[in-house]
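J.: pasting the sequence and the predicted model now:
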Amino acid sequence: MGIIIWLIVGGVVGWLASIIMRRDAQQGIILNIVVGIVGAAIAGFLGGGSINQAITVGTFLWSLLGAVVLLAIVNLFTRKSVR
């Protein structure tokens, strides 16, 4: 059951992060899910809480922040600037 929640929350977080970073037209659903899950892992590493413990507003926002940071790093390598 945990993997299904990872996929759903990862997809929503990745989709919102791609809208914030203006990359939504370039990404598909699979990449949105990957960005969301990796963003949640980054957030857990930074100490913001993990969606493994519980899905709260705080862990969701930390996961979103981690996904935005991930997309900003990707933008640095692909476009040479952060929007």
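T.: Alright, I've got the coordinates. Quick caveat, the model's predicted, so the values are computed rather than measured.

J.: switch to C-alpha atoms for all contacts and neighbour counts from now on
T.: OK.

J.: quick one: which helix or strand includes G14?
T.: Following DSSP states H and E, the helix or strand that holds G14 is helix 2-20.

J.: check contacts around the residue nearest to L64 when sequence neighbours are not counted.
T.: Take L64 and drop its neighbours on the chain: the residue closest to it by CA to CA, 6 or more residues apart in numbering is V13, 5.4 Å away. Taking CA atoms under 8 Å, 6 or more residues apart in numbering as the contact definition, V13 lies against N32, I33, V35, G36, F60, S63, L64, A67.

J.: and the furthest pair within the residues you listed?
T.: The two members of these with the most space between them (CA to CA) are N32 and F60, at 14.9 Å.

J.: now the strands for the protein?
T.: Under the criterion DSSP state E, strands are not mapped anywhere in the chain.

J.: where in the protein is the helix or strand with the lowest mean pLDDT?
T.: Least confident element among the helices and strands of the chain, by mean pLDDT, DSSP states H and E: helix 29-46 (a mean of 83).

J.: return the distance of that helix from the chain's centre.
T.: Helix 29-46 sits 4 Å away from the centroid of its parent chain (CA atoms, centre = their mean, to the nearest Å).

J.: report the buried residues of that helix.
T.: 31-44 (16 or more other CA atoms under 10 Å).

J.: I4: how many residues sit nearby?
T.: 9 (other CA atoms under 10 Å).

J.: so the residue nearest to W15 when sequence neighbours are not counted versus G39, what's the distance?
T.: Setting aside the residues directly before and after it, W15 is nearest to N32 in space (CA to CA, 6+ apart), at 5.3 Å. The spacing between N32 and G39, counted by CA to CA, to the nearest Å, is 10 Å.

J.: who touches both of the two?
T.: Between them, N32 and G39 have G14 as joint contacts when contacts are counted by CA under 8 Å, 6+ apart.

J.: wait, M21 sits on L70?
T.: No: using CA atoms under 8 Å as the test, M21 is too far from L70 to be in contact (10.2 Å).

J.: gap between stretch 36-51 and the chain center?
T.: Relative to the chain's own centre, stretch 36-51 is displaced by 8 Å; criterion: CA atoms, centre = their mean.
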